[in-house]
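Enquirer: Have a look; sequence and predicted model below, questions after that.
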Amino acid sequence: MLFIQADTEFASVEQHRDWQLDAPTAEDRWVLARIVADEVRHGLTMVRLLRDFGEEGDKAIDKLMGRRMGDHTLDAFNIEFKNWAHVAAFTCFVDRVGLYQLESFVECSYAPLARQIPLMLNEEQLHIGFGLNALRKIINRDDYPGTKEDVQEAVNFWIPRALDMFGHKGSKNAELALDMGIKKWQNEEMRERYYKEIAGLCESLGIQTPAIDFDRRILDA
């Protein structure tokens, strides 16, 4: 779990970094810079935790540092952004999955990880807030790049990837983590809560929520 968490953090840096130069406003450029810095710090945090596992941890770190776009564990992190609506949808919906995953580690039985979660949660709130606000600006402002149709297309693309990120229903690893007190909730429980939340967000934006099984690649969930 530490390896996958670190992998997503470093992968997110690859996805966001080049968009800083194409951000539509100075404020957007600053927030993207902050997001990139946060993601690097989160990845570094996981690397430091992996070092506690000795030789196996060192091997995992070496593997992490060599990964690039296309090599990452989760599908959502091997995809380049198409336009600004995709940047916004990713931070709103995919980073929101990260928030759910971090919340499941709050006060977990592995104390070194538990101590890192509060700050990471605060930083993830900035990311998802930025994404939601950017989607609203695309829809409601003529001086901001993109259209409502662009938002709908981006949402239809990223929500299925986000739903897949919760993993398989009945995952043995998830059950073990639950039994050991590392995580609080099963994958499907988090996925259902997430889908209910994002359906409300899409309604507030005036766009359609893709069906929970639309364009999914993990369909035993």
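Expert: Everything's here; your move.
Enquirer: Please make it C-alpha for all contacts and neighbour counts, starting now.
Expert: Fine.
Enquirer: ok, and the closest non-adjacent residue to residue 166?
Expert: Among residues not flanking residue 166 along the chain, residue 187 sits closest, at 5.4 Å (CA to CA, 6 or more residues apart in numbering).
Enquirer: How about residue 39?
Expert: residue 9 (4.9 Å).
Enquirer: Over to residue 137?
Expert: Residue 137 sits nearest to residue 144 (CA to CA, 6+ apart), 6.4 Å away.
Enquirer: so who does residue 143 touch?
Expert: By CA atoms under 8 Å, 6 or more residues apart in numbering, the contact list for residue 143 is empty.
Enquirer: Let's check: the centremost residue of the chain is which one?
Expert: residue 95 (3.0 Å; CA atoms, centre = their mean).
Enquirer: That one contacts residue 130, correct?
Expert: No. The pair residue 95 / residue 130 is not scored as a contact, 10.4 Å apart, by CA atoms under 8 Å.
Enquirer: With just CA atoms, put stretch 35-55 into PDB.
Expert: The C-alpha coordinates for stretch 35-55 follow below in PDB (Å, rounded to 0.1, in the frame of the first residue of the first chain):
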ATOM      1  CA  ILE A  35      -0.100  20.700  -6.000                       C
ATOM      2  CA  VAL A  36       3.100  19.500  -7.500                       C
ATOM      3  CA  ALA A  37       5.100  20.300  -4.400                       C
ATOM      4  CA  ASP A  38       2.500  18.600  -2.200                       C
ATOM      5  CA  GLU A  39       2.500  15.500  -4.400                       C
ATOM      6  CA  VAL A  40       6.300  15.300  -4.200                       C
ATOM      7  CA  ARG A  41       6.200  15.700  -0.500                       C
ATOM      8  CA  HIS A  42       3.600  13.000  -0.100                       C
ATOM      9  CA  GLY A  43       5.700  10.600  -2.300                       C
ATOM     10  CA  LEU A  44       8.800  11.400  -0.200                       C
ATOM     11  CA  THR A  45       6.800  10.700   3.000                       C
ATOM     12  CA  MET A  46       5.900   7.200   1.700                       C
ATOM     13  CA  VAL A  47       9.500   6.600   0.600                       C
ATOM     14  CA  ARG A  48      10.700   7.400   4.200                       C
ATOM     15  CA  LEU A  49       8.200   5.000   5.500                       C
ATOM     16  CA  LEU A  50       9.300   2.300   3.100                       C
ATOM     17  CA  ARG A  51      12.900   2.700   4.400                       C
ATOM     18  CA  ASP A  52      11.700   1.200   7.700                       C
ATOM     19  CA  PHE A  53      11.200  -2.100   5.800                       C
ATOM     20  CA  GLY A  54      15.000  -2.600   5.200                       C
ATOM     21  CA  GLU A  55      16.200  -4.300   2.100                       C
END
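Enquirer: Where do the helices of this protein begin and end?
Expert: Per DSSP state H, the chain carries helices over the ranges 2-17, 26-50, 54-65, 84-89, 95-103, 111-114, 117-140, 148-164, 172-179, 187-205.
Enquirer: Give me the pLDDT for the residue nearest to residue 50 when sequence neighbours are not counted.
Expert: In this structure, residue 50 finds its nearest non-sequential neighbour in residue 57, 4.7 Å apart by CA to CA, 6+ apart. Reported pLDDT at residue 57 in the predicted model: 97.
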